[in-house]
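**Q** Based on what follows, work out the 3D shape:
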Amino acid sequence: ALPYLSLAYIYEKRSHYIKAKLFLEKYINLSKDQASVQEAREELIKIEDYVAVETAQTYIAYGENYKALDALNKVSMDYEDEYLLYLLKGQVQYNLGEFKEAIKDLEKSCKKEITEDNATLLAMSYTQNGQISPAKKVLEEAIRKINGSNILYYDLGIINLKQNNLKKA
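**A** So this is what the prediction gives:
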């Protein structure tokens, strides 16, 4: 059983939480040492949110948005990376065509930290919701904070192009 525990901690250290959970569970099922089994159970509880987020990311990659949303809804309020949590929720909502919900989550993500990913997705959500002005504002703010982002300039150019503002585009 001990090698499973070692593997669990190695995977956890590498942020591979699904594999860490698997090996912790194998250790719990095979170990006879009740004290260390209790520690392994406590470790499972600690990584539960990370497992849910990693599971959601996997589902998103395979286009299983409803399953991803279910996994994200299991994440507790104690999860420390709110930027990522709201980004993933916004991405799933966007993929499902729920643009108003996507905007809410992506705005929360941007309040934590503005990145190319959340700014672009928020701007696209605004655009899909018919809100061009807020989309441009998000991209312009992100460009000020993230110097030299070709992606953000490109997205802003596309919005200007759609508005027939060819010079700005």
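**Q** can you give me the helices in the protein?
**A** Remark: helices assigned in the chain by DSSP state H are 2-13, 17-30, 34-61, 65-73, 82-95, 99-112, 116-128, 132-145, 150-162.
**Q** Compare the ones you listed and give me the one nearest residue 169.
**A** For these, the distance to residue 169 is smallest for helix 150-162, at 3.9 Å, taking Cβ to Cβ. In this view, the C-beta of every residue, glycine as well, is placed from N, C-alpha and C.
**Q** by contact count, what packs against the closest one?
**A** helix 116-128, helix 132-145 (3 or more Cβ pairs under 8 Å, 6 or more residues apart in numbering; DSSP states H and E).
**Q** sorry, back to before: between the helices of the chain, which gets nearest to residue 168?
**A** Between residue 168 and the helices of the chain, the tightest spacing by Cβ to Cβ is seen for helix 150-162, at 4.2 Å.
**Q** what sits up against the closest one?
**A** Helix 150-162 is contacted from outside by 116, 119-120, 123-124, 127, 132, 135-136, 139-140, 142-143, 146, 166, 168-169, using Cβ atoms under 8 Å, 6 or more residues apart in numbering.
**Q** before we move on, what about stretch 61-81?
**A** 48-49, 52-53, 55-57, 59-60, 85, 88-89, 92-93, 95-96.
**Q** Quick one: which of those is the most crowded by neighbours?
**A** residue 56 (27 neighbours; other Cβ atoms under 10 Å).
**Q** so how far is residue 92 from that residue?
**A** 7 Å (Cβ to Cβ, to the nearest Å).
**Q** now the contacts of helix 150-162: which count as buried?
**A** Buried members of the contacts of helix 150-162, counted by 16 or more other Cβ atoms under 10 Å: 119-120, 123-124, 127, 135-136, 139, 142-143.
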